[in-house]
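Enquirer: Provide a 3D model corresponding to the input given below.
(chains A and B)
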Amino acid sequence: MTTTAIRGGPGVTPRESGAAAAVLAFFDAYRVHDVEGMVDLCTDGADFRYVPFEVRGRQRVLHGEGKVRTIGKVIWTTLIDAFPDLNNDVTSLRADEHGNVVAEVSVNGTQARPFGIIACTGGHFELPHLFLFHVTGDGLIDDVVAYWDNVVWKRQLGCVEVD
Amino acid sequence: MSARSLAENFFSYLQAGEVGDILDLMTPDATVSLVPLNRHGPMATDGAAYVRELVRSFPDLVVRVRRLFVTADNTAVAEITIEGTQADDFLTVVNQEKHVELDQAWMLKVTPADRISAVTAYWDQNQLYRRLGVKRLDKITITAG
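Expert: Residues are numbered from 1 along each chain as shown, chains lettered A, B, ... in the order given. As a prediction, this is how the structure comes out:
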């Protein structure tokens, strides 16, 4: 992980360093597939939004948006099940004095089971993500947002369908 | 000008397609990374070309800033929504006059001299293709009505 974007020493506010520490702990837990640990780093009502996550149903489009303890936990568990060696590398992390954190994270894994419309061919992916968090003054995450590109992800896994 | 103000101006100029005004906010050697397009290069060429194509293809473009904060190292981080109706081919997708709304996240790194030195943008190109009627990733130019 690069630390160029993470300030240290005098001038770093406790809120800034606390928020960064919470987010790094979140990705540490994710790296060892400790979903309960990820959830425990969040407030009870933490919001969750995986922007590219859209599943087309017959009647409507389901979005990856809701609460960490419901939608988030299900998506993380399903991802780890489909990609049992799922891993992440935090490549940059920046925080402000109000609990906002932005992290660039490279996520990678090898597919072992189908995921959504992506049939399992045993493919490997490596995909840049941008995560945005908000961390409370108590050091708990109360908002998780993520962006990535599903085209790059699908192409690496041999899927050419948009939906 | 603060990093927040620079970012607000940047997105205002993006909506208007004012490439010259965007470049005036930036250092001469500013870089751009449009991650979903795997386009990484100078803002003056690669970034400017993207903005020109975006506003040509979506002449009614609206850019809404939904969230904006500035990190301790003076990087402006924004969640935006771009909205518009396709009026010309865009990124090889033929024009079907589809209306598009697409959420994006941008990071603008600002120097102590109040100039943007690096721009990085993330979005899901699959969402864009879906909204433009593309059905297959190996046949981007073939769309469904």
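Enquirer: Surely A:Arg31 touches A:Val90?
Expert: No. Contact between A:Arg31 and A:Val90 fails when scored by CB atoms under 8 Å: they sit 9.4 Å apart. C-betas here are computed from N, CA, C, even on glycine.
Enquirer: neighbour-wise, which of these two wins?
Expert: With neighbours defined as other CB atoms under 10 Å in any protein chain shown, A:Arg31 and A:Val90 compare such that A:Val90 has more, 22 against 13.
Enquirer: Check for me that B:Tyr129 belongs to a strand.
Expert: No. B:Tyr129 is assigned helix when assessed by DSSP: H, G, I helix; E, B strand; the rest coil, not a strand.
Enquirer: Excluding chain neighbours, what is closest to it?
Expert: A:Val162 (5.1 Å; CB to CB, 6 or more residues apart in numbering or on different chains).
Enquirer: A:Arg56 versus that neighbour, what's the distance?
Expert: Applying CB to CB, to the nearest Å, the value for A:Val162 to A:Arg56 is 10 Å.
Enquirer: hang on, the earlier thing: what residues are up against the residue nearest to B:Tyr129?
Expert: B:Asn126, B:Tyr129, B:Arg130, B:Val134, B:Lys135, B:Arg136, B:Leu137 (CB atoms under 8 Å, 6 or more residues apart in numbering or on different chains).
Enquirer: so can I have JSON lines of these showing secondary structure and pLDDT?
Expert: Listed next are the contacts of A:Val162 as JSON lines, based on DSSP: H, G, I helix; E, B strand; the rest coil; pLDDT from 0 to 100:
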{"residue": "B:Asn126", "secondary structure": "helix", "pLDDT": "96"}
{"residue": "B:Tyr129", "secondary structure": "helix", "pLDDT": "95"}
{"residue": "B:Arg130", "secondary structure": "helix", "pLDDT": "93"}
{"residue": "B:Val134", "secondary structure": "strand", "pLDDT": "93"}
{"residue": "B:Lys135", "secondary structure": "coil", "pLDDT": "90"}
{"residue": "B:Arg136", "secondary structure": "strand", "pLDDT": "90"}
{"residue": "B:Leu137", "secondary structure": "coil", "pLDDT": "92"}
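Enquirer: Format those as TSV; extra columns: distance to B:Thr92.
Expert: TSV is the format used below for those (distance: CB to CB, whole Å):
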residue	distance to B:Thr92
B:Asn126	15
B:Tyr129	10
B:Arg130	16
B:Val134	10
B:Lys135	14
B:Arg136	13
B:Leu137	12
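Enquirer: so which of these is the most crowded?
Expert: For the contacts of A:Val162, neighbours tallied by other CB under 10 Å; top is B:Val134, 26 neighbours.
Enquirer: what bridges to it?
Expert: Following DSSP bridges, B:Val134 is listed with bridge partners B:Thr143.
Enquirer: so it sits right up against B:Val93, yeah?
Expert: Yes. If you go by CB under 8 Å, B:Val134 and B:Val93 touch, sitting 5.9 Å apart.
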